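1. Let's see this in three dimensions:
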Amino acid sequence: MTSNLSVREARPGDILEIMTLALPCFEHIPVEQMLGNVSTPEGREAAGERHLQAWREHAAEFAMPCAITCVHTDPETGENTIIGFAEWFIYDKPRPPEQYRKTPFLLSASWVADESEREKAKRWLQPVIDKRVKWLGGNSHAILMYMCVDKAWRRQGASTMCVQWGLDRCKELGLPAYLEASEDGEPVYRRLGFEEVEKVAMDFDGVEGVFPAMIWWPPGTKQEDKVPACP
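-> Residues are numbered from 1 along each chain as shown. Next up, the predicted model:
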């Protein structure tokens with residue numbers, strides 16, 4: 001692990017640098033393209049505004065910051081470069097059905113102008129939403145929504161630091177942590193204690209995408225308690 005790395009709360013002024021890093025990591029996924037999450041100047045600006053709105057909405061109800069960056073500090077110049085990013089939505093109090101069944105803003109596709117494309121995006125995203133409701137319900141929990149590291153900095157500890165930041169918060173609060181894993185991310189999550197609980201299958205008009213749904217359970221969780229909140 002590189003000693004010149006640190007994890008910091010993301011600031012609004014970081015957003016374009018974050019999107020420049022994050023969007024290329026996910027834009028190969030069809031639904032991300034449909035949502036406009038593409039790494040063009042316009043795409044980065046629009047996606048950044050959406051993420052900022054999601055941060056503001058979360059901050060209005062919950063205490064924990066939901067966006068962090070992994071920063072490399074050059075030991076000679078002191079220059080800071082964002083090399084990793086994670087979005088941890090930590091719901092540190094129970095929520096009633098009208099709240100936890102409401103689609104999170106970043107999964108709502110509400111900004112997609114074309115109605116047919118918007119409805120298609122919603123249909124593609126519904127399995128993700130349904131699986132989260134099934135396993136988490138209104139219980140307090142954390143969701144790792146996005147996590148990425150600059151390709152040039154992978155396998156140097158940045159991913160572990162971004163994930164561990166959220167797990168440390170979860171450990172303090174006694175909360176489970178949930179995510180849908182990419183192929184690259186799954187080994188990191190397993191190493192840090194996440195367990196696969198189910199598969200999330202997304203049908204991109206005949207092209208299937210399958211992602212493991214994984215949960216990190218707080219220490220001491222009994223096996224019989226590792227069950228869906230809404231069977």
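2. mind checking the longest helix of this structure?
-> helix 115-136 (DSSP state H).
3. Could you point out the helix or strand that follows that one?
-> Next in sequence after helix 115-136, counting helices and strands by DSSP states H and E, comes strand 141-149.
4. who's in contact with that next one?
-> Contact with strand 141-149 is made by 21-22, 25-26, 70, 83-91, 106, 132, 136, 158-159, 162-163, 166, 169-170, 175-179, 185, as judged by Cβ atoms under 8 Å, 6 or more residues apart in numbering. For the C-beta atoms, the positions are set from N, CA and C on the backbone; glycine is no exception.
5. roughly how far out does that strand sit from the chain middle?
-> In terms of Cα atoms, centre = their mean, to the nearest Å, the centre of strand 141-149 is set 3 Å apart from its chain centre.
6. following that strand, which helix or strand comes up?
-> That would be, after strand 141-149 and using DSSP H and E, helix 158-173.
7. List the strands paired with the helix or strand following that next one, with their directions.
-> Later in the chain than helix 158-173, the nearest helix or strand by DSSP H and E is strand 177-180. Strand 177-180 sits in its sheet next to strand 141-149 (parallel), strand 207-216 (antiparallel), going by DSSP bridges.
8. mind listing what the spatially closest residue to Trp216 that is not a sequence neighbour touches?
-> Leaving out its chain neighbours, the residue that sits closest to Trp216 by Cβ to Cβ, 6 or more residues apart in numbering is Ala177, at 4.2 Å. Each residue near Ala177 by Cβ under 8 Å, 6+ apart is listed here: His141, Ala142, Ile143, Leu144, Gly166, Leu167, Cys170, Phe194, Ile215, Trp216.
9. if we go to 7 Å?
-> By Cβ atoms under 7 Å, 6 or more residues apart in numbering, the contact set of Ala177 is Ala142, Leu144, Gly166, Leu167, Cys170, Ile215, Trp216.
10. Most neighbours among these, please name it.
-> Gly166 (27 neighbours; other Cβ atoms under 10 Å).
11. Is the residue nearest to it when sequence neighbours are not counted in a helix, a strand, or coil?
-> Leaving aside its sequence neighbours, Gly166 sits nearest to Trp88 (Cβ to Cβ, 6+ apart; 4.0 Å). The local conformation at Trp88, judged by DSSP: H, G, I helix; E, B strand; the rest coil, is strand.
12. how near is Arg123 to Met34?
-> Relative to Met34, Arg123 is positioned 11 Å away (Cβ to Cβ, to the nearest Å).
13. Looking at those two, which is more packed in?
-> With neighbours defined as other Cβ under 10 Å, Arg123 and Met34 compare such that Met34 has more, 19 against 15.
14. I'd like the distance between the more buried one and Val210.
-> Distance from Met34 to Val210, by Cβ to Cβ: 18 Å.
15. Same question for Ile129.
-> In this structure, Ile129 and Val210 are 16 Å apart, going by Cβ to Cβ.
16. Mind checking which of these two has more residues around it?
-> A direct count of neighbours by other Cβ under 10 Å for Ile129 and Val210 places Ile129 higher, at 17 against 9.
17. Test my guess that the more buried one contacts Thr103.
-> Yes. With contact defined as Cβ atoms under 7 Å, Ile129 reaches Thr103; the gap is 5.9 Å.
18. between these two, what contacts are shared?
-> What both Ile129 and Thr103 touch, as defined by Cβ under 7 Å, 6+ apart, is an empty set.
19. Tell me how far the most centrally placed residue in the chain lies from Asn4.
-> Taking Cα atoms, centre = their mean, the centroid of the chain lies closest to Met145, which sits 1.3 Å from it. Per Cβ to Cβ, Met145 is found 27 Å from Asn4.
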